[in-house]
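**Student:** quick one, fold the following:
(4 chains)
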There are 2 protein chains.
Amino acid sequence: MIEEALSTRDGNRVFHRHEHLARHAQKTDHIFKIEEGWACQYRLLIDGRRQIITLFLPGEYCEPQWLFQGTATLPVVALTRLRARSLSLTGIHRRTSQEADGMTSILESLLTVLNRREQWIFNLGRLSATERLCSLLCELFERLKRTCHVIENRYVMPLTQYDLADIVGLSAVHVNRVLQMLRAERLIELHGKRLTVLNIDGLRRLAVMPNSQRATA
Amino acid sequence: MIEEALSTRDGNRVFHRHEHLARHAQKTDHIFKIEEGWACQYRLLIDGRRQIITLFLPGEYCEPQWLFQGTATLPVVALTRLRARSLSLTGIHRRTSQEADGMTSILESLLTVLNRREQWIFNLGRLSATERLCSLLCELFERLKRTCHVIENRYVMPLTQYDLADIVGLSAVHVNRVLQMLRAERLIELHGKRLTVLNIDGLRRLAVMPNSQRATA
DNA sequence: CGTTTGTTTGAAATAACTCAACGGGAGTGG
DNA sequence: CCACTCCCGTTGAGTTATTTCAAACAAACG
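**Tutor:** Now for the predicted structure:
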């Protein structure tokens, strides 16, 4: 199923769905900047449980900490067909000597990842299923908007319900039911991989306040 | 209940339990290195739900990213009486010019936090209550051992069961029941704030494999 | 020594999971 | 172009892990 990745000139590479960008504990001297497509970092248990730890979207650096650590701690896999530019340490340093920009933007992206994980820990620890999913959909909305991947409140959402489940720490079946509910409430539309946000404010409200009576306190 | 913190000479400060080291969105030009005591970073919802995002133990830098961001994103509060040395940006830079060590160790601690969050996301997303608690107790064991705060498999565990609950994303009542079980299985002893690990291997095993039949796959 | 804070226990409620089956759709090969 | 397969989404019914509420108790605190 998985063939060899094509190396294109100038550090550009193409991966297809389910192909790994990095394996567990693999040494690396470069990182990727994603041009197109989605990838994720995940952790697996022998019994099959999987948790997605980080999502990488177009325009984002994939695993900036590799540059400092020298190894990838966890596997990274493409969730869609994916095009990425690979940046080596020397390449970045060369640029740095000119503008000192390269390292700064890496560090920035490191902090972004750090802050995003803060958010995810909160979501997983204290939000209900509905809140978690709404929160994720809003996050994707914001992240994709920055690179103009949101057009008229619509974006391509290539994740399967299994993927979604492994992000928000739920079962795929339950993700399905929550999505049904969001559709029934006319908050979103979701056909195939096309997600339309019908009511972003309603979605944001649900992302932090449950439909139940929890908000009474 | 909360009085003004005492400033001691040379950037040393003492906080007491429940006193804040930082508030939400507060600007800072310094970070703390904890000498003694525990602190945590948390996030709160209006309805009272709280999630602890990061734990800070003796010897660790509290919120190294402040140096880069200039602000504390979330509140940080002392979980015990606490003594910390405050390091300013200039102070660190001065040292850096001499040994280039200061910045490196900050960056290292940044990466440690990043990796720890990876772990927590996994735990919250995919582990059962028992697994999460065992995982946490093991993590504390390892982290405290590095600074010789573990003596004969015993360490001071100043967290209340509410604190524990807000770390592992459970209710305090359920934390209590799981702890009972761990005691009954002779894995730990816990009197007051004194925790003795009777069977670290058993604890580690439970931290990743449940007692239930989940491991059959 | 009283007051507050934290722990323990029981019983009932519920959110989310598991299992299982069905259906559609997309790609694949004949 | 059709048939086949596989992946993914959908639905129902029953189960279980965890929560909530409430009350009693113990321990720490000032």
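**Student:** which residues of chain A lie near DNA strand C?
**Tutor:** Proximity of chain A to DNA strand C (CB under 7 Å from any atom of the strand) is limited to residues A:128-130, A:169-171, A:173-174, A:192, A:212. Bear in mind the C-beta positions are built from the backbone N, C-alpha and C, glycine included.
**Student:** longest helix of chain A?
**Tutor:** The longest helix of chain A (DSSP state H) is helix A:101-126.
**Student:** still on that earlier bit, so how do I select the buried members of the residues of chain A next to DNA strand C in ChimeraX?
**Tutor:** Only the buried entries of the residues of chain A next to DNA strand C go into this ChimeraX selection, using 16 or more other CB atoms under 10 Å in any protein chain shown:
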select /A:128,129,130,169,170
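**Student:** which one of the residues of chain A next to DNA strand C is nearest residue B:139?
**Tutor:** Nearest to residue B:139 among the residues of chain A next to DNA strand C: residue A:169, at 18.7 Å, using CB to CB.
**Student:** just for chain A, where's the confidence low?
**Tutor:** For chain A, the stretches flagged by pLDDT under 70 are A:1-10, A:64, A:89-102, A:209-217.
**Student:** quick check: the farthest pair among the residues of chain A next to DNA strand C?
**Tutor:** Among the residues of chain A next to DNA strand C, A:192 and A:212 lie farthest apart (CB to CB), at 31.0 Å.
**Student:** contact partners for the residue in chain A that DNA strand C sits nearest to?
**Tutor:** The nearest approach of chain A to DNA strand C comes at residue A:174, 3.0 Å away (CB to the nearest atom of the strand). Neighbour list for residue A:174: A:129, A:165 [criterion: CB atoms under 8 Å, 6 or more residues apart in numbering or on different chains].
**Student:** what does residue A:36 show for phi and psi?
**Tutor:** Here is the backbone geometry of residue A:36 (degrees, to the nearest 10): phi -160, psi 130.
**Student:** how much space separates it from residue A:147?
**Tutor:** Using CB to CB, to the nearest Å, we find residue A:36 at a distance of 10 Å from residue A:147.
**Student:** any shared contact partners between those two?
**Tutor:** Common neighbours of residue A:36 and residue A:147 are listed as residue A:58 (criterion: CB under 8 Å, 6+ apart).
**Student:** near DNA strand D, which residues of chain A are found?
**Tutor:** Residues of chain A lying near DNA strand D (CB under 7 Å from any atom of the strand): A:160-162, A:172-173, A:176-177, A:179-180, A:214.
**Student:** picking that back up, show me what counts as buried in whichever helix or strand the residue of chain A closest to DNA strand C is part of.
**Tutor:** Element membership for residue A:174 (DSSP states H and E) is helix A:172-184. Buried residues in helix A:172-184, counting neighbours by 16+ other CB under 10 Å, are found at A:175, A:178-179, A:182.
**Student:** next one: stretch A:135-155
**Tutor:** Buried residues in stretch A:135-155, defined by neighbour count with 16+ other CB under 10 Å: A:135-141, A:143-144, A:149-150, A:155.
**Student:** OK, contacts around the spatially most central residue of chain A?
**Tutor:** Ranked by distance to the mean C-alpha position of chain A (CA atoms, centre = their mean), the top residue is residue A:55 at 1.8 Å. The neighbours of residue A:55, taking CB under 8 Å, 6+ apart as the test, are A:38-40, A:167.
**Student:** domain ranges for chain A?
**Tutor:** Chain A breaks down into these domains under automatic domain parsing: A:1-126, A:128-217.
**Student:** which parts of chain A are strands?
**Tutor:** For chain A, the strands defined by DSSP state E cover A:6-7, A:12-15, A:20-22, A:26-27, A:30-36, A:39-44, A:50-56, A:61-62, A:71-72, A:76-78, A:82-88, A:154-156, A:188-191, A:194-197.
**Student:** would you mind listing the buried residues in the second one?
**Tutor:** Within strand A:12-15, the residues that count as buried by 16+ other CB under 10 Å are A:13-15.
**Student:** quote the end-to-end distance of stretch A:159-172.
**Tutor:** When the termini of stretch A:159-172 are compared using CA to CA, to the nearest Å, they are 12 Å apart.
**Student:** repeat for stretch A:183-197
**Tutor:** Span of stretch A:183-197 from end to end, CA to CA: 10 Å.
**Student:** roughly how far is that stretch from the heart of the chain?
**Tutor:** 19 Å (CA atoms, centre = their mean, to the nearest Å).
**Student:** contact partners of it?
**Tutor:** Stretch A:183-197 has contacts (CB under 8 Å, 6+ apart) with A:134, A:137, A:141, A:153-158, A:179, A:182, A:198-199, A:202-203, A:206.
**Student:** so which bits of that stretch are buried?
**Tutor:** Buried, per 16+ other CB under 10 Å, within stretch A:183-197: A:187-188, A:190, A:195, A:197.
**Student:** looking at it, residue A:42 is touching residue A:72, isn't it?
**Tutor:** No. Counting by CB atoms under 8 Å, residue A:42 does not reach residue A:72; the two are 11.9 Å apart.
**Student:** neighbour count: these two, which is higher?
**Tutor:** Per other CB atoms under 10 Å in any protein chain shown, whichever of residue A:42 and residue A:72 has more neighbours is residue A:72, with 22 against 19.
**Student:** the residue nearest to the more buried one when sequence neighbours are not counted - how many residues pack around it?
**Tutor:** Distances taken as CB to CB, 6 or more residues apart in numbering or on different chains put residue A:22 closest to residue A:72, at 4.0 Å, once the chain neighbours are dropped. Residue A:22: 22 surrounding residues under other CB under 10 Å.
**Student:** OK, contacts around residue A:22?
**Tutor:** A:28, A:63, A:66, A:72, A:75-76.
**Student:** hmm, try it at 7 Å
**Tutor:** Neighbour list for residue A:22: A:28, A:72, A:75-76 [criterion: CB atoms under 7 Å, 6 or more residues apart in numbering or on different chains].
**Student:** and for residue A:170?
**Tutor:** By CB under 7 Å, 6+ apart, the contact list for residue A:170 reads residue A:129.
**Student:** please repeat the previous calculation with a cut-off of 8 Å.
**Tutor:** Residue A:170 neighbours (CB under 8 Å, 6+ apart): A:129, A:132-133, A:178.
**Student:** what's opposite residue A:54 in the beta bridge?
**Tutor:** According to DSSP bridges, the residues that bridge with residue A:54 are residue A:41.
**Student:** what about it, how many neighbours?
**Tutor:** Residues within reach of residue A:54, counting by other CB under 10 Å, total 21.
**Student:** that one is in contact with residue A:43, isn't it?
**Tutor:** No. When contacts are counted by CB under 8 Å, residue A:54 is not listed as touching residue A:43 (10.4 Å).
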